[in-house]
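> okay, sequence plus prediction incoming.
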Amino acid sequence: MNETKDVATPEKKAVAEAKDQDRAIRPAVDIFEDDTGLTLHADMPGVSKDRLNLQIDNDSLSIDGEIDIPTPAGMEAVYVDVRYSRYQRSFSLSRELDTDNIEAILHDGLLILRIPKRAEHKPRKIEIRTA
């Protein structure tokens, strides 16, 4: 009888670790629209301002954040419920949005983005004159 065993070589371990590093949590997101723009709420508990990265590239918004799990000095975590320590999500944005004027607030693990509409896409009242 021939038995084959899968031996974890250093190369296989490195590939497995790289795949784990590429994995991320998709944060839960709520998006609200009104006449003046969009408001996006993303749940990102454990992410601090300095570990949050927001980027606009053409019409794409990327949200990337690293969870900071504090460990007391001289101790090592033996078990952690958080499997991945990174949040990542991307969105395609409409060209009617003014990406130069996005406002971002991070408060207690909730990221709030306000993306206004461009002036030419906002509703406006038309003045009526009499002749």
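Now that the structure is in, tell me what you want to look at.
> could you use CA atoms for every contact and neighbour count after this?
Will do.
> what is the mean pLDDT for stretch 110-130?
The average pLDDT within stretch 110-130 is 87.
> tell me the buried residues in the longest strand along the chain?
Longest strand of the chain, by residue count under DSSP state E: strand 47-57. Buried residues in strand 47-57, defined by neighbour count with 16 or more other CA atoms under 10 Å: 47, 48, 52, 56.
> closest to residue 28 out of those?
The closest of the buried residues of strand 47-57 to residue 28 turns out to be residue 47 (CA to CA; 13.9 Å).
> so where's this structure uncertain?
1-22, 82-83 (pLDDT under 70).
> show me where it has its strands.
Under DSSP E, the chain gives strands at 29-34, 37-43, 47-57, 60-67, 86-92, 103-107, 110-116.
> next, format those strands as TSV and append distance to residue 76.
Shown next, in TSV, are these (distance: least, CA to CA, whole Å):
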stretch	distance to residue 76
strand 29-34	32
strand 37-43	27
strand 47-57	20
strand 60-67	16
strand 86-92	19
strand 103-107	28
strand 110-116	28
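> so which of the ones you listed gets nearest residue 131?
strand 29-34 (34.8 Å).
> need the contact partners of the closest one.
Defining contact as CA atoms under 8 Å, 6 or more residues apart in numbering, one finds that strand 29-34 is touched by 38, 39, 40, 41, 42, 43.
> cutoff 10 Å now
Strand 29-34 is touched from outside by 38-44, 89, 110-117, 122, with contacts defined as CA atoms under 10 Å, 6 or more residues apart in numbering.
> and what of stretch 112-119?
Against stretch 112-119 from outside (CA under 10 Å, 6+ apart): 29-43, 54, 93-106, 122-123.
> ok, now with 6 Å
36-41, 96-98, 102-105 (CA atoms under 6 Å, 6 or more residues apart in numbering).
> likewise stretch 59-69?
Here stretch 59-69 makes contact (CA under 6 Å, 6+ apart) with 46-47, 51-55, 85-93.
> now stretch 114-125: buried residues?
Those would be 114, 115, 116, 117, 118, for stretch 114-125 by 16+ other CA under 10 Å.
> next up, the contacts around the closest residue in space to the fourth one that isn't next to it in sequence.
So the one you mean is residue 117. Counting by CA to CA, 6 or more residues apart in numbering, residue 117 lies nearest to residue 97, which is 4.2 Å off, once chain neighbours are set aside. Applying CA under 6 Å, 6+ apart to residue 97 gives the contacts 116, 117, 118.
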